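Asker: could you work out the structure for the sequence below:
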Amino acid sequence: MNHIQLRENIKNFSLDDGPRGNQGFNRVLLQLFGLPGHGKSSLINSCKYVLEDGGPFFEYAKVGRPDRVETMVRRSYQLTDTITLVDNRGCPKMNNFETAEIYAQLGNFLPLDIGVVWRESYSDVVSNLEQAEMEPNESDLIIPVFVYNVKHSIPEEGIAELSSFITNCRLMTGVYPIIVLTNKHSADYLTLEKTFRRMRAEVVMTVENYTNEDHMKTLGRTTDILKFIDSALNNAKYLMEQPRNPKKDRIGRRLFLLNHIHDAKLAQQEEQIRKEEEQRAKRNQTNTSFWRKLFRHKQ
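Answerer: You can find the predicted model right below:
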C-alpha cells in the first residue's frame, strides 16, 4: 500500500470490523517502552504529524535527552477514535521491582496521565496493584512496542533483560512487541535488527523520526512511520480473530504480574542474604587477622 492508502486504513480502523466484532474492547492501546532518550516521544510526535495530513509539526510529547528521564507520567496521545499511543515511563535499567513497574504499565494497571513512581518493595507494588483493581480498565486491547536508538549497541548484560522483556510481553498480551529502531540513518541498523530477531522479535522496523529541527516531510519517512502504525493494527486484527474476553485477559495479566512481583521479592531477599554473608565473612576475616597479629606480637 502507498502512504495514502495506509493513512486511510489507519484513520478508518475499527475494532467492530473484526470477524467476531469488538468482543468488549473499545480501543487499541499502543504501549511504548524504551530507555530514556531513545525516541519514544519523537515517535509519538511523528505519528501525530503524518496522520494530520497538511498540518504543522507540533511537539505533543516532550523530547528528552539520553542521560535524563523526561517521561515521568504515563502519558496518552489519541491518534484516532480507536487508537491511542501511550508514552510509558522509561527507566535506565530493568531489574527486579523496576521491571515490575514496567509490567504494571504494560498490563494497564497504572492510570493514564498520572505520574509513575518506581516502588522499591513487595508491599508497595502489591498495594499499587490493589488500588488499580478498584477501577479496573478492561476495554483496552494492548499492543506492546519497544523503541531503541540504532546509535546505541546493546550491552552484553542487557541482552538477557531485553530477551526476557520480549518474551514476557507475549505472555501478557498475546503478541510479541513491535521493535522500532529510530535514527535509522545514523548507524548500521542491520546488526541490531539481527540481535532483536534472535530474541524472537517478530517485527523489527526502522524509522527516522520528524523533529522540531527537521520536519520537512518526505515520502520515505512518512511511509515508514505509517507502516509502523499499520503493523501494530495488524497485530490487533490478529488478536481479534480469536475469541477474547476482556475481563479474563486482565485477570491473566494480573496473575502474571503477581508472580513476577513474588519472584522479584525472592530475588531481593536472596541478594540481601548474600550481602549479609559477605559482610559476616569479612568481619570474621578481620577478627582472625587481628588475633593472629596479637599472638605473633606476644611471642
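
Asker: ramachandran coordinates for residue 140?
Answerer: phi -100, psi 130 (degrees, to the nearest 10).

Asker: that one: neighbour count?
Answerer: Other residues lying near residue 140 total 19 when counted by other C-beta atoms under 10 Å. C-beta coordinates here come from the backbone N, C-alpha and C atoms, glycine included.

Asker: and residue 243, what helix or strand is that in?
Answerer: Using DSSP states H and E, residue 243 sits in no helix or strand.

Asker: which residues touch it?
Answerer: 20, 23 (C-beta atoms under 8 Å, 6 or more residues apart in numbering).

Asker: packing partners of the lengthiest helix in the chain?
Answerer: Scanning the chain for the helix with the most residues, using DSSP state H, yields helix 246-298. On a contact count with 3 or more C-beta pairs under 8 Å, 6 or more residues apart in numbering; DSSP states H and E, helix 246-298 meets helix 96-106, helix 122-132, helix 156-173.

Asker: switch the cut-off to 10 Å
Answerer: Packing partners of helix 246-298 (3 or more C-beta pairs under 10 Å, 6 or more residues apart in numbering; DSSP states H and E): helix 96-106, helix 122-132, strand 140-149, helix 156-173.

Asker: secondary structure class for residue 5?
Answerer: Assigned state for residue 5: helix (three-state reduction, DSSP: H, G, I helix; E, B strand; the rest coil).

Asker: for the helices and strands packed on helix 246-298, which one sits closest to residue 26?
Answerer: Nearest of the helices and strands packed on helix 246-298 to residue 26, taken as C-beta to C-beta: strand 140-149 at 7.7 Å.

Asker: in its sheet, what does the closest one sit against?
Answerer: Here strand 140-149 is paired, per DSSP bridges, with strand 27-34 (parallel), strand 178-182 (parallel).

Asker: name the helix or strand of the protein that has the lowest mean pLDDT.
Answerer: helix 122-132 (a mean of 66; mean pLDDT, DSSP states H and E).

Asker: and for residue 233, the neighbour number?
Answerer: Using other C-beta under 10 Å as the criterion, residue 233 is surrounded by 19 other residues.

Asker: for it, give me phi and psi.
Answerer: The phi and psi values for residue 233, taken as degrees, to the nearest 10, are phi -70, psi -30.
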